[in-house]
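K.L.:
Here is the input, now give the coordinates:
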Amino acid sequence: MNQWFDRLTEQVALAHDEAAVRATLEKLSQEAGFGAYAYLSLQAETHTAISNYDIEWQQRYLERAYALIDPVVRNARDKLEAFAWSNEASMRMSKERRAFYGEAGEFGIRSGITIPIRAGFGRMAMLTLASADADFAQGQQLNPVLAASAVAQLHTRLEGLGAKPTFRTPIRLKADELTCLRWSAEGKSMRAIAIIENTTYANVAFFVRNAKAALGATTLPQATAMATKFGLI
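P.N.:
Alright, predicted model coming up:
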């Protein structure tokens with residue numbers, strides 16, 4: 001796979017727009033013998049995917065927050081280096097894990113390689129190449145340095161192009177919550193927002209608390225930044 005990572009770095013650097021990056025990922029994945037790819041960006045509890053996985057699987061994965069139980073994501077968080085995996089189930093696995101692997105297998109995701117990287121400010125990203133063959137990925141030789149370098153290049157390119165995800169964790173905010181975040185983006189304090197909206201400070205605090213929970217943010221500035229980035233305000 002070492003030459004493959006070199007090619008990924010070169011081709012992504014030459015890609016002039018988002019469509020070219022996606023086409024490069026699909027072409028190179030298939031050339032390497034993998035049927036699909038998935039780029040996953042994780043920020044707080046919000047997960048963003050750019051992938052050619054079956055759209056039904058992407059929707060199910062993000063709506064059911066499968067990233068919280070996905071053994072591949074857990075392993076990526078712990079190791080933070082390239083690794084191969086297979087989803088062959090065994091009786092020693094938990095019922096939840098066996099069920100997850102079974103669902104993934106229905107969509108042709110039975111083995112793969114995953115390359116995670118830190119993306120700064122508490123974020124991480126990873127690229128997964130998946131195969132319908134449960135034994136295919138284990139035979140791949142991975143240089144963790146080359147792999148991480150290639151995925152970092154991919155991440156930077158996608159960020160720079162403002163790539164639109166194929167799917168994102170659903171975020172449901174009410175009008176009052178969005179209003180508070182919008183005023184926050186305009187530099188208003190919570191007390192100022194209460195005066196502007198003719199409501200109480202306690203109400204504003206309640207709306208902000210709910211907005212932070214929905215976004216997986218810990219502070220108002222973080223929630224405001226995330227809502228702006230996701231195009232919610």
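K.L.:
Tell me where this protein has helices.
P.N.:
2-14, 18-31, 55-63, 71-79, 95-106, 144-161, 175-185, 190-196, 201-215, 220-229 (DSSP state H).
K.L.:
pull the helix or strand with minimum mean pLDDT from the chain.
P.N.:
strand 167-168 (a mean of 69; mean pLDDT, DSSP states H and E).
K.L.:
Could you check how far the residue lying farthest from the centre of the chain is from residue 159?
P.N.:
Largest separation from the mean C-alpha position in the chain: residue 198, at 38.3 Å (CA atoms, centre = their mean). Distance, residue 198 to residue 159, using CB to CB, to the nearest Å: 39 Å. The way it works is simple: take the backbone N, C-alpha and C, and place the C-beta from them, glycine included.
K.L.:
same question, residue 165
P.N.:
Residue 165 is 12 Å from residue 159, where distance means CB to CB.
K.L.:
between those two, which one's more packed in?
P.N.:
Using other CB atoms under 10 Å, the more surrounded residue of residue 165 and residue 159 is residue 165, with 18 against 12.
K.L.:
what's that one sitting at in phi/psi?
P.N.:
With angles defined as degrees, to the nearest 10, residue 165 sits at phi -70, psi 150.
K.L.:
Can you check the distance spanned by stretch 110-128, start to finish?
P.N.:
Using CA to CA, to the nearest Å, one end of stretch 110-128 lies 12 Å from the other.
K.L.:
do stretch 29-42 as well
P.N.:
22 Å.
K.L.:
How far does it sit from its chain's centre?
P.N.:
13 Å (CA atoms, centre = their mean, to the nearest Å).
K.L.:
and residue 83, how many neighbours?
P.N.:
The tally of other residues near residue 83 (other CB under 10 Å) stands at 18.
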